[in-house]
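J.: My questions concern the predicted model and sequence given below.
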Amino acid sequence: MRRRVARRIYAAATAMGVAAATGAILSMPSASAAATGSASGYATQNGGTTGGAGGTTVRATTGTQIHEALCGRAASDTPITIEVEGTINHANTAKVSGDSCNTAAGVIELKQISNVTLVGVGSGAVFDQLGIHVRESSNIIIQNVTVRNVKKSGSPTSNGGDAIGMESDVHNVWVDHVDLLASGGESDGYDGLFDLKANTRYVTLSYSTLRNSGRGGLINSSDSAIDSSFITFHHNLYENIDSRAPLLRGGTAHMYNNHYVSLNESGINSRVGAKAKVDNNYFEDSKDVLGTFYTDLPGYWQVSGNIFDNVTWSAPGEDTNPAGPDPVSNTTVSIPYSYALDAASCVPDVVRRTAGAHTGLKVSDGSCSPQSPDPTTTPTASPTTAEPTAPAGTNLSLAAGADGTGKASGTSYGNVRDGDLSTYWSPSGTTGAVSVKWGAATTVSSVRIREAAGATGAIGFWRLLNADTGAVLKSGSGAGTVSFPAASLKKLTFEITGATGTPRVAEFETYA
């Protein structure tokens, strides 16, 4: 039982530094950004991190399908966004072979590849007892997913017990709005939630939760291998973690606007020459939240604007060098990117409302008052299920061709542009895509989606894509009429990403 001590607040008037809070409103990525927004922190350096931007988008509901998507690319660096929905587990994650991939069963293997986005969509993506392993790879985005209960011992095992692990010449990775969960410590079969080693660089972990684990994570795995560096942690929640929040062996890390609750043994453990810049975080009900612990090889820190609320500190010893009870800087760290700091006093509220999967990819730019809709569940346009009014002008689809990603027996792509409401196209499952296409560039600014009789309301969430470029023109739910900025294109795709039954699209009308 930890003894409650007086609340200590270290928030000097100059704590905001070069990144002062300005009262700007909370914002979120637009739907047209393929639900990824823009990287932050060290992931913006070294050329930046864009993941699969500019490439194709595919849907996966099993781990095997994720591997198939990687292996189906023309090359290992062909950009791709993989939208993941459902529960990914050992039973549905098999090894897939190909020239553009190097996968393995029982783990999501992002190995020897680049330019990939893995994003949870729809009702959510849960990697259950199955880790995500990034190795010899670059330009990777992992977003809006839950990874839980990955074990290194017992059964089943995956990824050495790490929820997300990176190693062997990995650079430029952005992990954002994820939930990383365990159910105990090493004796229970678990290892780290977020481990980076063997020359992993330029990584950002943002707006994520790390809970209920003996080990939060580390940078570098031994005192003699300290080549991983340049990692940013911001707007994350660490809760009920015994230690390693994170453990730093060498390298440079920046921690700002994180909320640390119930760090039971130690928190940010800077060792072996590591440098940590620790700005405007909120530490609560915890022990030894910053310092050098379990070694006589010291690390360093620069602190400003942090709040220490009911934090207890050990007495210094041979292998214990806590930064408190009155933390002061013992180094300086230069940060090469711009960032906006929330005041530490509002961090618990901001993090509670933004961090983790299923929070709408909400982000804070210093306002302390997050407000935004949820782009993963709330459509940007919501046509009614009543018969929609036709836009003015000629239905351009009548003179177009059609194709798609798959069709149910007895249906046809061409049925969506034949002017006949008694014929229709249905996907081969509950989701899929149908396109209209022209021989020359055609300007389109609105569409009308009409459902067949008896199928009203079956269409759930959808996206309209410029198939020439892959750009998302609009997203929404239900059949109806929707407008968007005029686009000149040869092919327009209506992609159904969620449904309440079997969709039946009678007409996919297009208008200038």
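T.: Sure, I can see it. Numbers count the residues shown, from 1 in each chain.
J.: distance between the ends of stretch 43-54?
T.: Start-to-end span of stretch 43-54 (CA to CA, to the nearest Å) is 18 Å.
J.: Run the chain-centre distance for it.
T.: Mean-position distance between stretch 43-54 and its chain equals 14 Å (CA atoms, centre = their mean, to the nearest Å).
J.: How about stretch 243-252?
T.: Distance of stretch 243-252 from its chain centroid, counting by CA atoms, centre = their mean, is 22 Å.
J.: Now that stretch: average pLDDT?
T.: Across stretch 243-252, the average pLDDT comes to 98.
J.: same thing with stretch 39-47?
T.: For stretch 39-47, mean pLDDT rounds to 96.
J.: cool, stretch 458-466 as well?
T.: The average pLDDT within stretch 458-466 is 81.
J.: Go ahead and confirm T510 touches I449.
T.: No - using CB atoms under 8 Å, T510 and I449 do not qualify as a contacting pair, with a distance of 10.3 Å. Glycine gets a C-beta too; all of them are placed from N, C-alpha and C.
J.: give the contact list for A453.
T.: Contacts for A453 (CB atoms under 8 Å, 6 or more residues apart in numbering) come out as L421, S422.
J.: Buried residues in the longest strand anywhere in the chain, which are they?
T.: With secondary structure taken from DSSP state E, the chain has its longest strand at strand 432-451. Within strand 432-451, the residues scored as buried using 16 or more other CB atoms under 10 Å are 432-438, 442, 444, 446-451.
J.: what does stretch 165-178 give?
T.: Of the residues in stretch 165-178, G165, M166, E167, V170, H171, N172, V173, W174, V175, D176, H177, V178 count as buried by neighbour count, 16+ other CB under 10 Å.
J.: Stretch 103-113 too?
T.: Across stretch 103-113, burial judged by 16+ other CB under 10 Å covers T103, A104, G106, V107, I108, E109, L110, K111, I113.
J.: what about S409, how many neighbours?
T.: Counted with other CB atoms under 10 Å, residues neighbouring S409 total 6.
J.: Got the confidence number for it?
T.: In this prediction, S409 carries a pLDDT score of 89.
J.: Likewise for N415?
T.: pLDDT, N415: 94.
J.: pretty sure it belongs to a strand, no?
T.: No - N415 is assigned helix when assessed by DSSP: H, G, I helix; E, B strand; the rest coil, not a strand.
J.: Which residues are in contact with it?
T.: N415 sits next to T423, Y424, W425, A506 when contact means CB under 8 Å, 6+ apart.
J.: most surrounded residue in these?
T.: When neighbours are taken as other CB under 10 Å, the top entry among the contacts of N415 is W425 (26 neighbours).
J.: For the protein, just list every one of the helices.
T.: Taking DSSP state H to define them, one finds helices in the chain at 63-71, 347-354.
J.: helices or strands up against the first one?
T.: Going back to what we said before, that points to helix 63-71. Under the contact definition 3 or more CB pairs under 8 Å, 6 or more residues apart in numbering; DSSP states H and E, helix 63-71 sits against strand 56-60, strand 80-88, strand 108-111, strand 114-128.
J.: okay, the angle between that helix and strand 114-128?
T.: Put simply, helix 63-71 runs at 180 degrees to strand 114-128, going by axes from the mean of the first three to the mean of the last three CA atoms, to 10 degrees.
J.: Dump stretch 253-261 to CSV, keeping only the CA atoms.
T.: Extracted C-alpha coordinates of stretch 253-261, given in CSV (Å, rounded to 0.1, in the frame of the first residue of the first chain):
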residue,chain,number,x,y,z
ALA,A,253,13.0,9.9,-26.7
HIS,A,254,10.4,12.7,-26.3
MET,A,255,7.5,12.2,-24.0
TYR,A,256,4.8,14.8,-23.9
ASN,A,257,1.2,15.1,-22.8
ASN,A,258,1.0,11.5,-21.6
HIS,A,259,-1.1,10.4,-18.6
TYR,A,260,0.6,7.9,-16.3
VAL,A,261,-1.7,6.2,-13.7
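J.: May I see the buried residues of that stretch?
T.: By 16+ other CB under 10 Å, the buried positions in stretch 253-261 come out as A253, H254, M255, Y256, N257, N258, H259, Y260, V261.
J.: would you turn those residues into TSV with distance to G460?
T.: Output for these, formatted as TSV (distance: CB to CB, whole Å):
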residue	distance to G460
A253	41
H254	40
M255	39
Y256	38
N257	35
N258	35
H259	34
Y260	39
V261	36
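J.: Out of those residues, the closest to T232 would be?
T.: Closest to T232 out of the buried residues of stretch 253-261 is H254 (4.8 Å), distances taken as CB to CB.
J.: Pretty sure the closest one sits against F233.
T.: Yes - if you go by CB under 8 Å, H254 and F233 touch, sitting 7.2 Å apart.
J.: Pick out the most distant pair among the buried residues of stretch 165-178.
T.: Pairwise distances across those peak at 23.1 Å for E167 and H177 (criterion: CB to CB).
J.: Point out where this structure drops to low pLDDT.
T.: Within the chain, the ranges that satisfy pLDDT under 70 run 1-36, 369-388, 454-457, 499-500.
J.: swap the cut-off to 80 and go again
T.: Counting by pLDDT under 80, the chain contains low-confidence residues at 1-37, 365-389, 429-430, 453-458, 460-462, 472, 475-477, 497-501.
J.: and G154, how many residues sit next to it?
T.: So G154, with other CB under 10 Å, has 11 neighbours.
J.: What sits closest to it if chain neighbours are left out?
T.: Leaving aside its chain neighbours, G154 sits nearest to G189 (3.9 Å; criterion: CB to CB, 6 or more residues apart in numbering).
J.: can you check V170 too?
T.: Excluding the flanking residues, the one nearest V170 by CB to CB, 6+ apart is T200, at 4.3 Å.
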